[in-house]
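below are the sequence and a predicted model; questions follow.
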Amino acid sequence: MRFPILAVALIAASPAFADDDGDDDVKFGMAGILSASNSETLPPILLSAGQPLADAPLHLKSGTYYEIEIEADGSQELGLEGAGFFRAIWIDEIVIEGLEIRPLGIDSVEFDEAGVMEIGFVAIKPGTYDLHVPKATGDLQRLEIIIE
């Protein structure tokens, strides 16, 4: 019975239900925090041999729904690890070639060939996290993610 308590806490903590700041403009629809008005599409992550994952860190807001595409160009078998980040979010779904997966959680993803994966999630736990290419030592193969 922890999930309903967590859901109530997330909804109650969201800006749409805050009375103290006087901002009544933020309202969610019937889907609550999953409403279209509470979602944002992030810049894609490109997995390519020797190329940076992103131009800048990602800044996310706790309680907001995000969608991000991860695309591999097939230049090398590459993956992304980030157990800390994946535990700080609630994954709604992962979509691969029209196949929708709704996991309880993940530690990493890997592309053996070229392809695109889309992940929809809600940022939950504030902190600084990263996604990185396993066994890579350079900063180019690391993406810093900050949840505020």
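Received, thanks.

where do the strands sit along the chain?
39-41, 45-47, 58-60, 65-72, 78-81, 89-96, 99-101, 108-111, 115-123, 127-132, 142-147 (DSSP state E).

list the beta-bridge partners for residue 59.
residue 146 (DSSP bridges).

tell me the buried residues in stretch 52-67?
Applying a neighbour-count criterion of 16 or more other Cβ atoms under 10 Å, one finds 53, 54, 58, 60, 62, 63, 64, 65, 66 buried in stretch 52-67. Glycine gets a C-beta too; all of them are placed from N, C-alpha and C.

quick one: pLDDT of residue 34?
Residue 34 is assigned a predicted lDDT (pLDDT) of 71.

can you tell me the closest non-neighbouring residue to it?
residue 65 (5.7 Å; Cβ to Cβ, 6 or more residues apart in numbering).

I figured the one you found was touching residue 39, is that so?
Yes: using Cβ atoms under 8 Å, residue 65 is in contact with residue 39, at 4.2 Å.

neighbours of residue 139, how many?
11 (other Cβ atoms under 10 Å).

got a list of contacts for stretch 42-49?
53-55, 58, 66-73, 75-76, 78-80, 111, 131, 133, 143 (Cβ atoms under 8 Å, 6 or more residues apart in numbering).

in contact with the residue nearest to the spatial centre of the chain, which residues?
Nearest to the mean C-alpha position of the chain, counting by Cα atoms, centre = their mean, stands residue 121 at 4.9 Å. If you count contacts by Cβ under 8 Å, 6+ apart, residue 121 has them with 65, 66, 68, 89, 90, 91, 92.
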